[in-house]
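Peer 1: Give me coordinates for this.
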Amino acid sequence: MATLQGIEIGVGSYVAGAELTLLPMNRITRPYGINHFPWPFIKKSGRRKEPLPRNLATQPSGSFDPDAKPDQMLRLSVTKTLSGGFNKGPQVLLCEVLEAPSAKSSRYTPLELGDRIVIKVFDHECYPQVITFPRPYPPEVVADQDLSREASVFLYMHRIGRDETSKEEPLYRKLTGGMLLAPEYHGTWAIKLDRTNRYVGAVAMEYIDGVSLEDLCTRLDDSGRVYPNILPVPLYDTDEEPQTHGILDMKDESRLKILADILEWVVKVNYSYCRVWEMTYKGIGPLSGRESDNQRLPLPVHPADHFTTREFCDFTGWFPYQWWHDETKFEAWLLEAFGPKIPYEGRKIQDFSLYADLEVHTRMNAARSLPFANEDSIQGLV
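Peer 2: All right, here's what the predicted structure looks like:
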């Protein structure tokens, strides 16, 4: 009975109209909680796993100041719950900014009074209270693990392409906000829950006023196939006049253009920004400094050399259902959308390379390091 009451209090803290006070989190715990991430709480003197740094039932493991100055705090009013509820895990809330911090930080994009944002709250009392495999941890630890990974990803994507002084570096750009990969990042915070005298972690991000691919489709059975809407649909999920928002044509051509944009971002992110390796067991072990195969390619890999329909079972029906049973049609579309698969020859006009180029590119780099190397002998390796 006590557990149920706790969950009710937790969810009740986030109902529409509730006001939340958020304190800036100055240090985010390194991502942990799944097998390829190491345990972050290890003393420098050895590799022995140490206990958790504090009681996670009352506050997250990241560093924050409970006595933060008012000009550092963020105050929000909850507009509605976008996702969450009893035993659902993270609570995703649409909020309005009542007071924004006047103290600026380079770690996130600042906010202003009246902005609408989304916060993802990692409150263990909203998590399932039964410990299950493969995550044999109590809910407060699971919530902290989820927070560590979510916050680390957003901070990384927000800061990519910047040096330690936040100066933008050439050839790279951040991946949050606008038409980029992820919503804009507005910081990681600790929420003070007044009635329970505890703190919970939260990640603040841009509110995207739109509809998801899932909302544009229906699933009628357990096969996973989606059935896209036949008629054009408004692009924004709002009560205002739809004609001011633009209409999405739901024909094959429009749906495939959206899918092509997704695939292009995946291969480009894997190539240019794939640094998560450095935080894994292998990345900090004997293979430290080794790049992934995607990073070692001379250019991002061609989508037709990387994807099959098996990676996109959740999209079956968004692309023509017949392709699931005929892979050649899916590959033909990839070649039409991204051009032919051409081995890398150092052409400036090329957008993609192939996995077969990896060995050639490795041999060419090795040849360049030899004494008396010349370009003719190097090109002869192609």
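Peer 1: When you work out contacts or count neighbours from here on, use the C-alpha atoms and nothing else.
Peer 2: Noted.
Peer 1: Which strand residues bridge E96?
Peer 2: On the basis of DSSP bridges, E96 is bridged to S77, R116.
Peer 1: Next, count neighbours for it.
Peer 2: Neighbourhood size, E96 [other Cα atoms under 10 Å]: 21.
Peer 1: got the contact list for it?
Peer 2: L76, S77, V78, T79, G114, D115, R116, I117 (Cα atoms under 8 Å, 6 or more residues apart in numbering).
Peer 1: Give me the buried subset of those residues.
Peer 2: Among the contacts of E96, those classed as buried by 16 or more other Cα atoms under 10 Å are L76, S77, V78, T79, R116, I117.
Peer 1: For the protein, which segments count as helices?
Peer 2: Taking DSSP state H, the helices of the chain run over residues 2-12, 139-159, 252-272, 293-296, 303-306, 327-338, 357-368, 375-379.
Peer 1: right, so those: which one is the most enclosed?
Peer 2: Mean neighbour count (mean count of other Cα atoms under 10 Å) peaks for helix 139-159 among these, with a mean of 22.
Peer 1: if we can go back for a sec, will you turn the helices of the chain into CSV that also has distance to P40?
Peer 2: Listed next are the helices of the chain as CSV, based on distance: least, Cα to Cα, whole Å:
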stretch, distance to P40
helix 2-12, 27
helix 139-159, 10
helix 252-272, 25
helix 293-296, 26
helix 303-306, 33
helix 327-338, 41
helix 357-368, 34
helix 375-379, 44
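Peer 1: mind checking which of those is nearest S63?
Peer 2: Smallest distance to S63 across these (Cα to Cα): 11.7 Å, for helix 139-159.
Peer 1: Give me the helices and strands touching that closest one, please.
Peer 2: Applying 3 or more Cα pairs under 8 Å, 6 or more residues apart in numbering; DSSP states H and E, we find helix 139-159 packed against strand 116-122, strand 185-193, strand 198-206.
Peer 1: now the first one against strand 185-193, angle please.
Peer 2: Interaxial angle of strand 116-122 relative to strand 185-193 (axes from the mean of the first three to the mean of the last three Cα atoms, to 10 degrees): 60 degrees.
Peer 1: Show me what strand 116-122 packs onto, helices and strands only.
Peer 2: strand 91-99, helix 139-159, strand 198-206.
Peer 1: Show me the shaky parts of the stretch 201-350 of the chain.
Peer 2: Low-confidence segments of the stretch 201-350 of the chain, defined by pLDDT under 70: 236-245, 272-292, 347-348.
Peer 1: any idea how far W333 is from A304?
Peer 2: W333 sits 9 Å away from A304, taking Cα to Cα, to the nearest Å as the criterion.
Peer 1: likewise A182?
Peer 2: Counting by Cα to Cα, the gap from A182 to A304 is 24 Å.
Peer 1: My guess is T109 contacts T188. True?
Peer 2: No - look at T109 against T188 with Cα atoms under 8 Å: they stay out of range, at 11.1 Å.
Peer 1: which one of the two has more residues nearby?
Peer 2: Neighbour count, other Cα under 10 Å: between T109 and T188, T188 has more, with 30 against 17.
Peer 1: correct me, but that one touches M25?
Peer 2: Yes - if you go by Cα under 8 Å, T188 and M25 touch, sitting 5.7 Å apart.
Peer 1: Just the pLDDT at the residue most central in space within the chain, thanks.
Peer 2: Per Cα atoms, centre = their mean, the C-alpha nearest to the average position across the chain is that of V153, at 5.7 Å. On the pLDDT scale, V153 is placed at 89.
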